[in-house]
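Student: Below: sequence and its predicted model.
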Amino acid sequence: MAIKEIPIIVGGFYRSGTSLTRRLLDAHSRIHCGPEVKFFKDLRGDYLDDPLGHVRFFSTLPSLGLELDEIRDIFGRAFIEAHELATHKAGKVRWADKNPENVLYLEQWKHLLPGGFAFIHVVRHPLDVLASLLEIGFPRAVPATFEDKIKFLKTFVDAGSQYETLHPSMSFRVRYEELVAAPTTTLKSLFNWLGEDFEPQVLDSFSHAERRRGIEDPKVTMSKTVHDRSVGRWRTDLTSEQLEIARAILGASFSSYAI
């Protein structure tokens, strides 16, 4: 199946630019990419601390005698139908799902979408990601300690990068630094890869109210234009001790993350 005819799955670590990317996609006349819907995270109970986790819908369903894969397939079909209906109601023809955690669930997506999907992996300089995380927190999604934040970041980036390596023709890497420094050039390449025409209005309408809020990075709504003011913030926001810890944990793979 041609890449133009398949859904789009967007993932990448928190504070890497996934919310901006999803809004730019949703601003396209043919693509519907709404706010995050936590299907796989809910399905797998993949939360740092959920005192009510044992009574959640997906936690109690196995008591009926169902396997997790069976539950995934049953409700995954409904999830995809919801995407299709939302796309139709928006007057569009193609849907995209954006979640940072999508990089962790790509094999699960393959089961739900046997016809294939286009994977967009959004990456950002890891030190800028860490600096931004320290500012915004995300305590319910990201571990508390600085060391654990780095390990969590590495897990996400490694998972997305591994999928890219295994499926190069179906993967596209969006580098945050390139997107904000040269948005038109970067988006032309992205939409061309998706088999879509670049529409200049996406850069004007990505911040409009019709993009909806939902669950996403709260800072994305504060900008009406794509800008690069946060690039390189780690130079002033991180201490020398934090830099040493980050480089030690990321190790030899650090150079593959750095831009």
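Tutor: Yep, that arrived. Just so we're clear, the structure is a prediction, and the values are computed from it rather than from any experiment. Residues are numbered from 1 along each chain as shown.
Student: Touching stretch 83-103 from outside, list them.
Tutor: 7-14, 16, 18-19, 21-22, 25-26, 29-38, 40-41, 46, 109, 121, 156-157, 159-160, 163 (Cβ atoms under 8 Å, 6 or more residues apart in numbering). For the C-beta atoms, the positions are set from N, CA and C on the backbone; glycine is no exception.
Student: Compute the first-to-last residue distance for that stretch.
Tutor: 19 Å (Cα to Cα, to the nearest Å).
Student: Can you list the buried residues in that stretch?
Tutor: 83, 87, 92, 94-103 (16 or more other Cβ atoms under 10 Å).
Student: so which of the residues you listed comes closest to F58?
Tutor: For the buried residues of stretch 83-103, the residue nearest F58 by Cβ to Cβ is E101; the value is 14.8 Å.
Student: rewinding a little: could the buried residues of stretch 83-103 go into a markdown table alongside pLDDT and secondary structure?
Tutor: Putting the buried residues of stretch 83-103 into a markdown table (pLDDT from 0 to 100; DSSP: H, G, I helix; E, B strand; the rest coil) gives the following:
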| residue | pLDDT | secondary structure |
| --- | --- | --- |
| H83 | 98 | helix |
| T87 | 98 | helix |
| K92 | 97 | coil |
| R94 | 98 | strand |
| W95 | 98 | strand |
| A96 | 98 | strand |
| D97 | 98 | strand |
| K98 | 97 | strand |
| N99 | 96 | coil |
| P100 | 96 | helix |
| E101 | 97 | helix |
| N102 | 98 | helix |
| V103 | 98 | helix |
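Student: which one of these is nearest T145?
Tutor: Nearest member of those to T145, counting by Cβ to Cβ, is P100, at 19.3 Å.
Student: one step back: for ChimeraX, what selects the buried ones among the contacts of stretch 83-103?
Tutor: Per 16+ other Cβ under 10 Å, the buried members of the contacts of stretch 83-103 correspond to this ChimeraX selection:
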select :7,8,9,10,11,12,13,14,16,18,19,21,22,25,26,30,31,32,33,34,35,36,37,40,41,109,121,156,157,159,160,163
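Student: now, which of the contacts of stretch 83-103 lie within helices?
Tutor: Members of the contacts of stretch 83-103 lying in helices (criterion: DSSP state H): 18-19, 21-22, 25-26, 40-41, 109, 156-157, 159-160, 163.
Student: Can you give me the pLDDT of the nearest residue to S16 once chain neighbours are set aside?
Tutor: Closest residue to S16 apart from its sequence neighbours, by Cβ to Cβ, 6 or more residues apart in numbering: R124 at 4.1 Å. At R124, the model reports a pLDDT of 95.
Student: got the contact list for R124?
Tutor: Applying Cβ under 8 Å, 6+ apart, the residues contacting R124 are G12, F13, R15, S16, G17, R175, Y176, E177, I259.
Student: rerun at 7 Å
Tutor: S16, G17, Y176 (Cβ atoms under 7 Å, 6 or more residues apart in numbering).
Student: Now pLDDT and distance to F206 too, for the residues you listed, in CSV please.
Tutor: Output for those, formatted as CSV (pLDDT from 0 to 100; distance: Cβ to Cβ, whole Å):
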residue, pLDDT, distance to F206
S16, 95, 17
G17, 94, 12
Y176, 96, 15
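Student: Adding distance to R247, write those out as a markdown table.
Tutor: Shown next, in a markdown table, are the contacts of R124 (distance: Cβ to Cβ, whole Å):
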| residue | distance to R247 |
| --- | --- |
| S16 | 19 |
| G17 | 22 |
| Y176 | 20 |
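Student: And those residues, which is closest to V202?
Tutor: Once Cβ to Cβ is applied, the member of those that ends up nearest V202 is G17, at 14.7 Å.
Student: Hmm, the closest one is touching V122, no?
Tutor: Yes: contact criterion Cβ atoms under 7 Å: G17 and V122 qualify, at 4.9 Å.
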